[in-house]
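A.B. asks: please find the sequence and the predicted model below.
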Amino acid sequence: MFLNEIKNLLENELSPKIYNFNSEIYGIHYGKISNEKIIKRIMITVDLNLESIHFAIKNKINLIISIHGLINKPIKKFNTELINKLTLLSKFPIHIFVLNKTFIAANGGISDTIMVALYLKLDKPFMIRNNDENFIPIGRICFPNRYPHDKDSLNLEDLIIRIKSNLDMNIISYVGDLNRTIEKICIIGGESLKIEYIQKLIKEGCDCIISGKIFHSIANYAKEIGICLIEISLFNSKMLALRKLYNFLSLKYPYEEFFFCNAKNPLKVYK
């Protein structure tokens, strides 16, 4: 296939460009854009670390699709790690497409993946505005589902146990009473939780929010107003969502070769 074909698919359907969050890196991040560039070997990865770049070179990849880019902010000073990456990439005809937060909001993206993995029922998307005044469905507001053999309502402890099992997470931080019944949940699959988000979600009837990084001040605020918070590691969720993307693309383009860089979470847990 041509580069432009998969580029258009990503930008318009799988991780839409309109969901770009302010000035973040998105789209073709490295490599000369050419509509006639033929792509035969595609790699999907969470990060563009040296491990994933070596994997791409070893497997003669033409296009890397990554959630995160080589950099996440303007360069003021080049470091050795970035120079090493660029030196490696310059020797091979590789293109890089960065998804970034658009893949959180996308249908089938990270927030959707968490919702499906936790067996929750969608009520509506949770929309926020970017700097261009576009609404982005960054989260998913859901109703809790019990498994068929369960009769009681879902409480906070049940939900945490489900997260540990279904998302393969060892340690989970939370705010709230474990015995509290959960009526409505919002999943925010990547954007840092903010007080204004909590205030909007309370008006939507949410009594529990599942998110990534939760700062101490946010946890204190949630405790004071009586809303439950669950902090999850997003690495496992990203890997799960990328697996879905890998499966979709490999079925859509059966004559191209797709590779999944099964990177390990750099953050380890001491047990």
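C.D. replies: In hand now; what should we look at?
A.B. asks: which stretches of the stretch 51-200 of the chain form helices?
C.D. replies: Along the stretch 51-200 of the chain, counting by DSSP state H, counting those that start in this stretch, helices occupy 80-90, 102-105, 110-117, 156-166, 195-203.
A.B. asks: now mean pLDDT, mean neighbour count and distance to residue 257 too, for these, in a markdown table please.
C.D. replies: Quick note: C-beta positions are derived from backbone N, CA and C, even for glycine. Converted to a markdown table, those look like this (pLDDT from 0 to 100; neighbours: other Cβ atoms under 10 Å; distance: least, Cβ to Cβ, whole Å):
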| stretch | mean pLDDT | mean neighbour count | distance to residue 257 |
| --- | --- | --- | --- |
| helix 80-90 | 87 | 13 | 20 |
| helix 102-105 | 93 | 28 | 22 |
| helix 110-117 | 95 | 24 | 24 |
| helix 156-166 | 94 | 17 | 30 |
| helix 195-203 | 93 | 15 | 41 |
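A.B. asks: of all those helices, which one is nearest residue 27?
C.D. replies: Residue 27 lies closest, by Cβ to Cβ, to one member of these: helix 102-105, at 9.2 Å.
A.B. asks: you'd agree residue 267 is up against residue 236?
C.D. replies: No: using Cβ atoms under 8 Å, residue 267 makes no contact with residue 236, being 10.9 Å away.
A.B. asks: more neighbours, these two?
C.D. replies: More neighbours surround residue 236 than the other of residue 267 and residue 236, with 17 against 7 (other Cβ atoms under 10 Å).
A.B. asks: residue 233: how many residues sit nearby?
C.D. replies: There are 19 residues near residue 233, going by other Cβ under 10 Å.
A.B. asks: residue contacts, the residue nearest to it when sequence neighbours are not counted?
C.D. replies: With Cβ to Cβ, 6 or more residues apart in numbering as the criterion, residue 233 has its nearest non-adjacent residue at 5.7 Å, and that residue is residue 169. Contacts for residue 169 (Cβ atoms under 8 Å, 6 or more residues apart in numbering) come out as 163, 232, 233, 236.
A.B. asks: what values do phi and psi take at residue 169?
C.D. replies: The phi/psi pair for residue 169 (degrees, to the nearest 10) reads phi -120, psi 130.
A.B. asks: tally of neighbours for residue 128?
C.D. replies: 19.
A.B. asks: and the gap between the residue nearest to it when sequence neighbours are not counted and residue 10?
C.D. replies: Of all residues not flanking residue 128 in the chain, residue 138 sits nearest, at 5.2 Å (Cβ to Cβ, 6+ apart). Separation of residue 138 from residue 10 (Cβ to Cβ, to the nearest Å): 18 Å.
A.B. asks: my guess is residue 4 contacts residue 35. True?
C.D. replies: Yes: in this structure, residue 4 is within contact of residue 35 by Cβ under 8 Å, at 4.1 Å.
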